[in-house]
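K.L.:
Here's my sequence, what's the structure:
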Amino acid sequence: MQLLNPQDTSTFPQRFLESWPPEAWHGRVTLVAVSGGADSMALFRLMADSLGSAGREKLWVVHVNHGLRGQASEDDQRFVVESAESLGLNVRTRSLSADALSPGQTVDGLEAAARAARYAFFAEVALEVEARYLVTAHHQDDQIETVLHRILRGTGIAGLQGIAKARQWLPGVGLVRPLLPFTRSEIIEYLEAIGQPWREDATNAGQDFTRNKIRNDLLPKLREAFGEQVDQSLARLSYQAAECQEVIDDLVGELMDVAVTIVDPSVVRIDLRKLNGVRPYLVRELFVRVWREQNWPRQEMSQLHWQKLSELAFGQADAVADVLPGAIRAAREADVLTLKR
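P.N.:
Predicted structure coming up:
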């Protein structure tokens, strides 16, 4: 591929380090998730090349061979290990079998199971080496696909934010995605400019997974019909949603302080008198915050479940809600709503 803008490519490492300043992570034990694909190899090189030989001792490459593509998966693993060792980096890998991952699952269920297994391994390594950060190679194209995917599934403002650039992952361990401001085309140009090879995953070109259908079918059709501004519009929507969610989070935080009592990891009490006059949307967001902070399962909580909780909170009579996903029971007595798992 011919370089579209060599000047921009030459400044790519500088812009990367401006996006995630070295003082934030140099000298700290950091895991970088590397699949062998273009995105993760760019991240791998950007981070390794910014460090001296002494600094590289704190950089750990982590890779999971899911066993989903036979010999190609084995070759990916070998490529990652050799690439890491060639730069003097620590590397840890794990090999899994496709059958052990998620037998009998749909393809999207298999993808979710693979992700869960991957992050479980990353967590093991992070705890073992006392890592401060896990870094992944999500970029702006991933953000656009994620926002569009969530729109199609049905989402609220929080979901429209897409992928967070940084968040707490484990206690004391941050999950950071420093490539999020950059496009895949920029990443490819950078790799070609420095002569860094990468591995291609043939399954990314298929239509098996929902995300692949969005990437390879829906987005190209939208761009053809409406132009490249489709990408900018979706990216802008995610930024605006993130700003809006910050305001909502501040308001919900105030409600948490005055209305919610955490009795223990399985019991929460909410003083409904403190919610008088509060808009129903904020009350639903309050419940979402409680679920997140209690680490209760949210995947199976539908909009209907959140709505039922909101109606219970605003109801005039004592009542008991149905048992919610995760075996959580909601009961109202007078002006107190008790959530018990």
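K.L.:
Measure how buried Gly195 is and give me the count.
P.N.:
6 (other CB atoms under 10 Å). Placement of C-beta: from N, CA and C, glycine included.
K.L.:
Contact partners for Asp49?
P.N.:
Pro13 (CB atoms under 8 Å, 6 or more residues apart in numbering).
K.L.:
pLDDT value on it, please?
P.N.:
In this model, Asp49 is scored at 94, pLDDT.
K.L.:
Make 20 the starting number, not 1.
P.N.:
Shifting the count to begin at 20 puts that one at Asp68.
K.L.:
Quick check: phi and psi on it?
P.N.:
Note on Asp68: its backbone torsions stand at phi -70, psi -20 [degrees, to the nearest 10].
K.L.:
and the gap between it and Pro32?
P.N.:
7 Å (CB to CB, to the nearest Å).
K.L.:
Thr357 contacts Asp290, correct?
P.N.:
No. Look at Thr357 against Asp290 with CB atoms under 8 Å: they stay out of range, at 10.9 Å.
K.L.:
More neighbours: which of the two?
P.N.:
The neighbour count for Thr357 versus Asp290, taken as other CB under 10 Å, is higher for Thr357 (16 against 13).
K.L.:
list the helices and strands the helix or strand where that one lies packs on?
P.N.:
Using DSSP states H and E, Thr357 falls within strand 355-359. Contact here means 3 or more CB pairs under 8 Å, 6 or more residues apart in numbering; DSSP states H and E; on that basis strand 355-359 packs against strand 286-290, strand 348-352.
K.L.:
Least reliable of these by average pLDDT, please.
P.N.:
Comparing mean pLDDT across these, the weakest is strand 348-352, with a mean of 88.
K.L.:
List the neighbouring strands of it plus their orientation.
P.N.:
Strand pairing for strand 348-352, using DSSP bridges, gives strand 338-339 (antiparallel), strand 355-359 (antiparallel).
K.L.:
the inter-axis angle of it versus strand 286-290?
P.N.:
40 degrees (axes from the mean of the first three to the mean of the last three CA atoms, to 10 degrees).
K.L.:
which stretches of the protein form strands?
P.N.:
Along the chain, counting by DSSP state E, strands occupy 49-52, 78-84, 109-114, 152-154, 185-189, 192-195, 279-283, 286-290, 338-339, 348-352, 355-359.
K.L.:
Now render those strands as a markdown table, adding distance to Ser59.
P.N.:
Shown next, in a markdown table, are the strands of the chain (distance: least, CB to CB, whole Å):
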| stretch | distance to Ser59 |
| --- | --- |
| strand 49-52 | 6 |
| strand 78-84 | 9 |
| strand 109-114 | 13 |
| strand 152-154 | 10 |
| strand 185-189 | 17 |
| strand 192-195 | 14 |
| strand 279-283 | 38 |
| strand 286-290 | 39 |
| strand 338-339 | 49 |
| strand 348-352 | 42 |
| strand 355-359 | 40 |
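K.L.:
Tell me which of those lies nearest to Lys240.
P.N.:
Among the strands of the chain, strand 49-52 comes nearest to Lys240, with 30.9 Å by CB to CB.
K.L.:
list the helices and strands that closest one packs on?
P.N.:
Where contact means 3+ CB pairs under 8 Å, 6+ apart, strand 49-52 is packed against helix 57-68, strand 78-84, helix 126-148, strand 152-154.
K.L.:
let's go with 10 Å and repeat that
P.N.:
The contact analysis (3 or more CB pairs under 10 Å, 6 or more residues apart in numbering; DSSP states H and E) places strand 49-52 against helix 57-68, strand 78-84, strand 109-114, helix 126-148, strand 152-154, strand 192-195.
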